[in-house]
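**Q** sequence and predicted structure, then a few things I'm wondering about:
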Amino acid sequence: MQNQILWLSKKEVESLLDMKGTLKVVEEAFRQHGLKKVQMPSKLYLYFKNHNGDLRTMPAYLEGEDITGVKIVNVHPDNPKIGLPTVMALVILNSTQTGAPLAIMDGTYLTDMRTGAAGGVAVKHLSRKNSRTVGFVGAGNQARTQLIAINEIMDIDEIKVTSMSEKQTLAFKDEMELITECEISLKKNIKEVCDCDILVTTTPSRKPIVMDEWISEGTHINAIGADAPGKEELDPRILNRARVVVDDISQASHSGEINIPFSNGSFSEKDIYCELGEVITGNKKARTRDSDITVFDSTGLAIQDVATANMVYLKALKANMGIRLKQF
C-alpha cells in the first residue's frame, strides 16, 4: 500500500466501530497519557462568530503504539436547522516512519463514539461501585453514546432525561430503551434529573444550568458539553465541593467546564484533583469515601481520536474495506 491512502466513509466507519472496542482503546490512550507517553498539543480553534461555529485541529502521537494523526472537526450548534450534524469531522492517520498519510476517514461518528467511551471510562474509575441511576441533561447524539458506553460499564436500574427538545427526548427514549432494556423516565426539569448516582451533561450551554443545591453527596458527574472557551454547564460551587478530574489540564483550563471559573479566578490549577490517566495508572485514587462528589471534565483529546481511528484502520485492512487512493 505504499503511496496509497485508504479512504473510509462514514458508513464504513460505523460498520467497523463498536463501543466495546472503543472503550478498550480509549482507556489505553488515557493510560498512556497518564504515563506521559504521548505528544498532544492543545486543540487549536478558528471561530466563525457570524455563523455561530468553530473549526478545530487536534494532532496527537501515541509513542508506545507508534501511531499518529490529526482530526479536523467543527462545532456548529445551528446545523440541525439545515439538516446537518452539529459536529462533523475528518481524521487523517500518518506513518510515523515517513510522515505519509495512511488513511483518511470520516470522523463524525468516531467523535461521538470516542467521547462516549471517555465518559464510560470515567464512570468505571470515578463513580461509586453501587451506582445504578443515571441522569441526562441533553438528549442528542452525545447523550446517546454516553449511555451506550455507561451501559457497557455498569448495570443500570433507572435512567432519567430532560432536554429542550421534546422530539429529541422522545427519540432518545425510544431508541435507548431498546438498547439498554431499561425504562427511561422523562423529566420536566433539570432538578429532577439530578436526583441520580451519575449525571451526564451534554449541552452547548454558556451559563450554569445544573445548580449546586441539586447535587447530592456521592454523585459522579460527566461534564461533556463544555468543550470550548465560554461554555459552562455546572454551577461553579459544585466544582469547589468535588474532586475534579480532567482529561488534560492544559486543554481543560481554556476550553473545559473549568474554563470560566479559571478565567475569573474562582478555580485554579491547584484545585484540580488530577487527570483521568493518573487514576487509570493507579497514581491517584479517585475516591476515599462514597460521599465524595466527583466531576469528569471532558474536553475531548486527540489521543482518543488517533487510537480509535487506528483501530478502525486495522479492521478495515483486515476486512479489505475502503477505497485506495493514489497519492502520487
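**A** Structure's in. What do you need? Numbering: from 1, shown residues only.

**Q** middle-most residue in the chain, spatially?
**A** Thr115 (2.5 Å; Cα atoms, centre = their mean).

**Q** following the host helix or strand of that one in sequence, what is the next regular element?
**A** Assessed by DSSP states H and E, Thr115 sits inside helix 108-126. Note on helix 108-126: by DSSP H and E, the next helix or strand toward the C-terminus is strand 133-137.

**Q** how distant is stretch 128-141 from the center of its chain?
**A** On the basis of Cα atoms, centre = their mean, to the nearest Å, stretch 128-141 sits 14 Å off its chain's mean C-alpha point.

**Q** pretty sure Asp157 contacts Glu183?
**A** No - between Asp157 and Glu183 there is no contact under Cβ atoms under 8 Å: 9.5 Å. For the C-beta atoms, the positions are set from N, CA and C on the backbone; glycine is no exception.

**Q** hmm, back to that, give the other helices and strands that the helix holding Thr115 contacts.
**A** Secondary-structure packing of helix 108-126 (3 or more Cβ pairs under 8 Å, 6 or more residues apart in numbering; DSSP states H and E): helix 10-16, helix 19-34, strand 87-94, helix 141-153, strand 220-223, helix 276-280, strand 294-297, helix 302-319.

**Q** what's the angle between the second one and helix 108-126?
**A** Spelled out, that is helix 19-34. 70 degrees (axes from the mean of the first three to the mean of the last three Cα atoms, to 10 degrees).

**Q** centre of the chain to helix 19-34, how far?
**A** 12 Å.

**Q** what's whichever helix or strand comes after that helix in contact with?
**A** With elements assigned by DSSP H and E, the helix or strand that comes after helix 19-34 is strand 38-39. With contact meaning Cβ atoms under 8 Å, 6 or more residues apart in numbering, strand 38-39 is reached by 29, 32, 60-63, 303.

**Q** each with direction, which strands does strand 38-39 pair with?
**A** strand 53-62 (antiparallel) (DSSP bridges).

**Q** mind listing what's buried in the following helix or strand past the partner strand?
**A** Downstream of strand 53-62, the first helix or strand assigned by DSSP H and E is strand 67-75. Buried residues in strand 67-75, counting neighbours by 16 or more other Cβ atoms under 10 Å, are found at 67-71, 73-75.

**Q** pick the one among the residues you listed closest to Met19.
**A** Using Cβ to Cβ, Lys71 is the member of the buried residues of strand 67-75 that sits closest to Met19, with 19.1 Å.

**Q** I'd assumed Ala89 was in contact with that closest one.
**A** Yes - with contact defined as Cβ under 8 Å, Lys71 counts as touching Ala89 (5.7 Å).

**Q** now do the contacts for Leu84.
**A** So Leu84 contacts His76 (Cβ under 8 Å, 6+ apart).

**Q** report pLDDT for it.
**A** Predicted confidence (pLDDT) for Leu84: 92.

**Q** give me the residues contacting stretch 85-98.
**A** Under Cβ under 8 Å, 6+ apart, the answer for stretch 85-98 is 61, 66-77, 79-80, 100-108, 110-112, 140-141, 204, 305-306, 309-310, 313.

**Q** quick check: end-to-end length of that stretch?
**A** Using Cα to Cα, to the nearest Å, the end-to-end distance of stretch 85-98 comes out at 34 Å.

**Q** buried ones in it, by neighbour count?
**A** 85-89, 91-94.

**Q** same question, stretch 230-240
**A** 231-236, 238-239.

**Q** how about low-confidence regions in this structure?
**A** Across the chain, the ranges flagged by pLDDT under 70 are 1-2.
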